[in-house]
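# pasting the structure only:
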Ligand SMILES: Cc1cc2nc3c(=O)[nH]c(=O)nc-3n(C[C@H](O)[C@H](O)[C@H](O)COP(=O)(O)O)c2cc1C
Ligand SMILES: CC(C)CC(=O)C(=O)O
C-alpha cells in the first residue's frame, strides 16, 4: 500500500521506534504548548483560491543563496539520525538528493560530513556556538572543503531546554550513536543521564556557550566565505540586527517547540520578520509544517522556503532513504496541487492575498442577510491582515 499521508508514516515510525527515542523526537519543552501551537497556527488560516488562471504547468523550483532546488523544501537540521535508522544521515542525504530538496546537516550528525556529502545533493551545515571555539572552526573548514553551500548558526539554544519526556525516560544516547564529527571528549556526556537531566540536556549545558552575543558573530562571519544563516529568530528587532551584522538569510523558528515553551508560533512571527529585512535576505521557516497546503500558506506569507523536521525522521525510520524521498515527494506534489487549485502556478504568484484568517464562527451571521454588507467583509475579502 503506498503511503498517502505524513500521518501514516508517523504511525509506522511510532510502531518501529523504542519509546524513549520516539519521545526524544516527538517531544517538546515545558508543557509542550509551543509544540502544539506551531502546528495549530497553520489550521487557523485558509487559502483564497483564484479561478480561471492557466495552471497547466505549476512550477515550484527556485534558487536559494545560490543553491538550485527542485522545490522550496529542506530538511531541518536534526541531531543523531542514527537513532532511527542504521545508515543515519547518509540515507537522509540520498533521499533528499533524489527529491532535489535541501539538506541541512546538523552539527550533531551521527555520520561523517564527507560521507553525507557524497550523496551529492544541495547541503548546508548547521552549527551551535560551542565553548570550544576550535571545534566549531574545524567543522566550518571541513564543511567548506566538502562542498557545503551555507552555514546555519542556531541561536535559540544558549542552553537546551528541559524536555520532561526525556527527563522521565532518563534519555541518553546508546553507545553506538555519537556525534562523530566532533572530538569524542566533547560528546561523551550525551551517553549518561542523571537524576533530573537527560544526557542531551546535560551535555549541552557543558558544551554550549551561553555568553554568545551579536558582537561575536563577526568572528564566524570573517571565518567563512560561505553565506551565513541564523536559525531561531522570531522578532523584527532581531531580524534587523541580524541584517546589520551581515547575516545572509534567516530561519523563523522556535526549534519545533523544543526550546522556549510559550514562544510565539513561527507562522505568527513570519510576517513581521519578512517585513523588516530587505528582499535580498531570504527568510525561511520551520515548525509544524505537515502538508503541501501548510507550505503554501508559509510561502504566501513571505517564506522563501520551508524546512521540515520530524516528518523526515518518520520517513527515515520507516524506509531509510526511500522513506525520506516519500516525505519530500509527497510534500512537493501536495504543494504543486495546492498551487494549481489556488490559481497560483508560480511561487512568485503566491502572496499574502492567497491567505485568509479563518473568522470565528460567531462572525458568520445566520441566516445570512443577503444584500446587507457583511460585518466581516474586511476579514474575508482582502487577504490576511
Ligand atoms: C530530533 C530532533 C533533533 C533536532 N536537532 C536539532 C539540531 O541539532 N540543531 C537545530 O538547530 N535544530 C534541531 N532540531 C530542531 C529542528 O531543526 C527544527 O527546528 C524543528 O524540528 C522543526 O519543527 P518540525 O519538527 O515540527 O518540522 C531538532 C529537532 C528534532 C525533532
Ligand atoms: C543535541 C540537541 C541539542 C539537538 C537539538 O537541538 C534538539 O534536540 O532539539
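It's in. For clarity, every value in this text was computed on a predicted model and none was experimentally measured. Ligands and ions are numbered 1, 2, ... in the order given.
# what is the neighbour count of residue 16?
Using other Cβ atoms under 10 Å, residue 16 is surrounded by 14 other residues. Just so you know, the C-beta spots here come from the backbone N, C-alpha and C atoms, and that holds for glycine as well.
# please name the nearest non-neighbouring residue to it.
In space, and not counting its chain neighbours, residue 16 is closest to residue 317: 5.4 Å by Cβ to Cβ, 6 or more residues apart in numbering.
# can you name the residues that contact that neighbour?
Residue 317 makes contacts with 12, 13, 16, 17, 84, 85, 323, as judged by Cβ atoms under 8 Å, 6 or more residues apart in numbering.
# wait, residue 198 sits on residue 164?
No. Using Cβ atoms under 8 Å, residue 198 is not in contact with residue 164; the gap is 9.6 Å.
# so which of those two has more stuff around it?
Neighbour totals were compared for residue 198 and residue 164, and residue 198 leads with 27 against 16 (other Cβ under 10 Å).
# just to revisit the earlier point, so is the helix or strand hosting the residue nearest to residue 16 next to ligand 1?
Using DSSP states H and E, residue 317 maps to helix 310-342. Yes. Residues of helix 310-342 are located near ligand 1 by Cβ under 6 Å from any ligand atom, namely residue 310.
# now do the strands in the stretch 101-250 of the chain.
With DSSP state E, counting those that start in this stretch, the ranges of strands along the stretch 101-250 of the chain come out as 102-105, 123-127, 151-154, 228-233, 249-252.
# interface residues of the protein facing ligand 2?
79, 108, 160, 200, 204, 255, 258.
# mind redoing it with 8 Å?
Within the chain, the positions adjacent to ligand 2 are 24, 77-80, 106, 108, 128, 154, 157, 160, 163, 179, 190, 200, 203-204, 208, 255-256, 258-259 by Cβ under 8 Å from any ligand atom.
# for the protein, which helix or strand comes out least confident on mean pLDDT?
Across the helices and strands of the chain, mean confidence by mean pLDDT, DSSP states H and E is lowest for helix 377-381: a mean of 40.
# what residues does the residue of the stretch 151-300 of the chain found nearest ligand 1 make contact with?
Using Cβ to the nearest ligand atom, residue 256 is the residue of the stretch 151-300 of the chain that sits closest to ligand 1, at 2.7 Å. Contacts here follow Cβ under 8 Å, 6+ apart; on that basis residue 256 touches 28, 35, 38, 76, 286, 287, 288, 309, 310.
# go again using 10 Å as the cut-off
Residue 256 makes contact with 25-29, 34-35, 38-39, 76, 78, 266, 286-289, 307-310 under the criterion Cβ atoms under 10 Å, 6 or more residues apart in numbering.
# give me the subset of the residues you listed lying in helices.
25, 26, 34, 35, 38, 39, 266, 310 (DSSP state H).
# among these, which one lies nearest to residue 337?
Closest approach to residue 337 among those (Cβ to Cβ): residue 39, at 20.4 Å.
# point out where the protein drops to low pLDDT.
For the chain, applying pLDDT under 70 flags the ranges 1, 359-385.
# how does it look with 90?
The chain contains residues with pLDDT under 90 at 1-4, 183-189, 192, 194-197, 202, 204-206, 357-385.
# residues near residue 129, how many?
For residue 129, using other Cβ under 10 Å, the count is 22.
# an error on my part: the question was meant for residue 142.
Neighbourhood size, residue 142 [other Cβ under 10 Å]: 16.
# measure it to residue 203 for me?
From residue 142 across to residue 203, the span is 21 Å (Cβ to Cβ, to the nearest Å).
# buried subset of the contacts of residue 317?
Among the contacts of residue 317, those buried by neighbour count (16 or more other Cβ atoms under 10 Å) are 12, 13, 17, 84, 85, 323.
# isn't the last one up against residue 98?
No. Using Cβ atoms under 10 Å, residue 323 makes no contact with residue 98, being 11.6 Å away.
# could you give the bridge partners of the residue lying closest to residue 143 once chain neighbours are set aside?
In space, and not counting its chain neighbours, residue 143 is closest to residue 125: 4.1 Å by Cβ to Cβ, 6+ apart. Assessed by DSSP bridges, residue 125 has beta-bridge partners residue 105, residue 151.
# so who does residue 125 touch?
Contacts for residue 125 (Cβ under 10 Å, 6+ apart) come out as 77, 103-107, 109, 113, 116-117, 139-140, 142-144, 146, 148-153, 181, 224, 226, 229.
# buried residues, the helix holding residue 317. List them.
For helix 310-342, the neighbour count (16+ other Cβ under 10 Å) marks 310-321, 323-332, 334-336, 338-340, 342 as buried.
# and if you look at stretch 128-138?
Residues 128, 129, 130, 135, 136 are the ones in stretch 128-138 that count as buried (16+ other Cβ under 10 Å).
# do the same with stretch 84-93
Across stretch 84-93, burial judged by 16+ other Cβ under 10 Å covers 84, 85, 87, 88, 89, 90, 91, 92, 93.
# and those, which of them are in helices?
Counting by DSSP H, those place 89, 90, 91, 92, 93 in helices.
# so the second one makes contact with residue 121?
Yep, that's residue 90 we're talking about. No. Using Cβ under 10 Å, residue 90 is not in contact with residue 121, being 11.5 Å away.
# can you count the residues close to residue 271?
As a burial measure, residue 271 scores 16 neighbours (other Cβ under 10 Å).
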